[in-house]
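Visitor: The following comprises the amino acid sequence and a computationally predicted model.
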There are 2 protein chains.
Amino acid sequence: MEDNFITIVEVGPRDGFQSIKEWIPTKTKLMIIKALYEAGFTNMEVGAFVSPKAIAQMRDASTIVQELKEYPTTVLVPNLYGAKAAFEAGAKAITYVVSVSKSHNMANVRRTPQESLEALKEIKQAYPSLHVKLALATSFGCPFEGEIPIKAVANMVRFGQELNVDEICLADTIGIANPIQVQKTLKALMPQIDRPLGLHLHDTRGMGLANAFAAINEGVSMIESAVGGIGGCPFAPGAAGNIASEDLVNMLHSMGFKTSIDLDKLLKVSELIKKHVSPTLFSRMANLPNSTCKGVSCGK
Amino acid sequence: MEDNFITIVEVGPRDGFQSIKEWIPTKTKLMIIKALYEAGFTNMEVGAFVSPKAIAQMRDASTIVQELKEYPTTVLVPNLYGAKAAFEAGAKAITYVVSVSKSHNMANVRRTPQESLEALKEIKQAYPSLHVKLALATSFGCPFEGEIPIKAVANMVRFGQELNVDEICLADTIGIANPIQVQKTLKALMPQIDRPLGLHLHDTRGMGLANAFAAINEGVSMIESAVGGIGGCPFAPGAAGNIASEDLVNMLHSMGFKTSIDLDKLLKVSELIKKHVSPTLFSRMANLPNSTCKGVSCGK
């Protein structure tokens, strides 16, 4: 890969859609996901194999994966049961999510992080062909425990590498990381990490792109974002979600980095999202009023 | 000043209000401005002495300045006429704005940048006691000319210093700067700048806080922002405005920097803005749903 190439992992169809309460028809989901692949994404979370009681929006994940056989789909799974369902639907890659914070993991999947990692061992044994990304939720802060010590994240990374996961992803689940914290965390952890490393960022407090910039400065070359900046909490209308893929792509391209994404095509997907999924987008680029403005214009 | 202290210049009552078409009563403006001072700002643009035909919202600038005699007010002026009116109203500090881009300056004030600088010389002679901040609009890009060479900005800085202005401000008028450009520009210009330097940032494309972070990394210790992130273009509903003061303060405080601002008080001013001025705020912090969420919480 070229030195200045950044992989953008699109998580809108998973982290974005799951935060939307109103049912999005499977057909609409597929249309949007295909348009996103068409815009150039090579790495996308297209759904989650989680309890439909917990997140009803993800209940069509099997169908989605089956319909996207020829695409490089990734799905989120929180346990062995989810991994089995994902494998049987034909998924080739999973995101296995464990919170660094014990309270958060208990709230999310009712087990300790250590128990979640034990289950990952079973998944690796049962489905050795699955590509596994270990996503470490609350790596930069937890809604229950507050600050998370870097050492706790380092421990989880070590366990993950011992289990021979294929990728590590540090997730700022609640959008509370700040750029200096990102710098410090990466300086501490990167010497230890011997496989692909991504960052999953939210823009809850507006620091998302600043954190992406800080991460790239430290040598990270994989960032997760969602089209339209969707992914806000369903209980917090107005609160921003994941960092917006359009804004990330625009920032990277203006700084001279390369991605596989065609920004104009991506902005057309934002319009689809706005029309079919969420009338409110948090992306700045998608809210610029016309194509002139998306270039240099739009100044008084 | 302490090493890790950042001065935040509040420009909402000027750059924010001027972008709002509906008349904001003088009483409302004064209430908000006083609440902002109460939140800790020591440096604020409270209005502009510009043609009321061009920007009707600013037509009560004289009254505003007179009513705020005991506060450290700054007002924007684009010419000698504006400086005279500002001085007579009792203003002690002015922001004198000149665009680096010739086309933009022509569009804004119907004269070349050089002619604008000549007028600044007259202002300095006529009102030597006025504290002058020279704001260089379009320092990072122009809606008409596109990229602006750093050398052109450097020339304007040199003229400004020859005229002995008190401060320099580089303005990203259309929110098109990217963090690497900010780094490069500052690395090139800072050795030349021998007086206080600020950055005026917009979040039009979502890069505002990333640019602020890049600037602070280069040693800049003065940043301009607007409460609520107001300041979008009146012709582009949905397009973001200045970087939001709340988001900037929150980022700086989480990174360990000090400011003079009380974030809780500032968030109360955002509520006033939302109620009396603009129902849509672009600030992420102001849109977080409750006080718990403004801390560590709000994660699923």
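Guide: Structure received.

Visitor: rest of the way, CA atoms for contacts and neighbours
Guide: Fine.

Visitor: What's the local residue count around A:Asn242?
Guide: Residues near A:Asn242, counting by other CA atoms under 10 Å in any protein chain shown, number 31.

Visitor: no wait, A:Ile24
Guide: Neighbour number of A:Ile24 under other CA under 10 Å is 16.

Visitor: show me what contacts it?
Guide: Applying CA atoms under 8 Å, 6 or more residues apart in numbering or on different chains to A:Ile24 gives the contacts A:Phe17, A:Gln57, A:Val277.

Visitor: which stretches of the stretch 1-150 of chain A form strands?
Guide: Secondary structure of the stretch 1-150 of chain A (DSSP state E, counting those that start in this stretch): strands at A:7-10, A:44-48, A:73-77, A:93-99, A:131-137.

Visitor: Give me every residue in the stretch 101-250 of chain A lying close to chain B.
Guide: Within the stretch 101-250 of chain A, the positions near chain B by CA under 8 Å from any CA of the partner chain are A:108, A:141-144, A:146, A:173-174, A:176, A:178-181, A:203-207, A:209-211, A:213, A:233, A:236-240, A:247, A:250.

Visitor: Quick one: name whatever helix or strand follows the helix or strand where A:Ala215 lies.
Guide: If you go by DSSP states H and E, A:Ala215 is part of helix A:208-217. Per DSSP H and E, the first helix or strand lying C-terminal to helix A:208-217 is strand A:222-225.

Visitor: Pick out the residue of the stretch 51-200 of chain A closest to chain B.
Guide: A:Pro143 (3.9 Å; CA to the nearest CA).

Visitor: Tell me how many other residues crowd that residue.
Guide: There are 21 residues near A:Pro143, going by other CA under 10 Å.

Visitor: now it: how far from B:Thr112?
Guide: Distance, A:Pro143 to B:Thr112, by CA to CA, to the nearest Å: 54 Å.

Visitor: now A:Glu118
Guide: 70 Å.

Visitor: same question, A:Lys274
Guide: Taking CA to CA, one finds A:Lys274 at 42 Å from B:Thr112.

Visitor: Neighbour count for these two, which is higher?
Guide: B:Thr112 (20 against 15).

Visitor: My guess is the more buried one contacts B:Val100. True?
Guide: No. Counting by CA atoms under 8 Å, B:Thr112 does not reach B:Val100; the two are 9.4 Å apart.

Visitor: Surely A:Gly238 is in contact with B:Ser283?
Guide: No. In this structure, A:Gly238 is not within contact of B:Ser283 by CA under 8 Å, at 10.1 Å.

Visitor: Break down chain A into its helices, ranges please.
Guide: For chain A, applying DSSP state H gives helices covering A:26-38, A:61-67, A:80-89, A:102-109, A:113-126, A:150-162, A:179-189, A:208-217, A:245-254, A:263-276, A:284-287, A:291-294.

Visitor: export the ones you listed to JSON lines and tack on mean pLDDT?
Guide: Shown next, in JSON lines, are these (pLDDT from 0 to 100):
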{"stretch": "helix A:26-38", "mean pLDDT": "98"}
{"stretch": "helix A:61-67", "mean pLDDT": "98"}
{"stretch": "helix A:80-89", "mean pLDDT": "97"}
{"stretch": "helix A:102-109", "mean pLDDT": "92"}
{"stretch": "helix A:113-126", "mean pLDDT": "96"}
{"stretch": "helix A:150-162", "mean pLDDT": "97"}
{"stretch": "helix A:179-189", "mean pLDDT": "98"}
{"stretch": "helix A:208-217", "mean pLDDT": "98"}
{"stretch": "helix A:245-254", "mean pLDDT": "98"}
{"stretch": "helix A:263-276", "mean pLDDT": "97"}
{"stretch": "helix A:284-287", "mean pLDDT": "92"}
{"stretch": "helix A:291-294", "mean pLDDT": "44"}
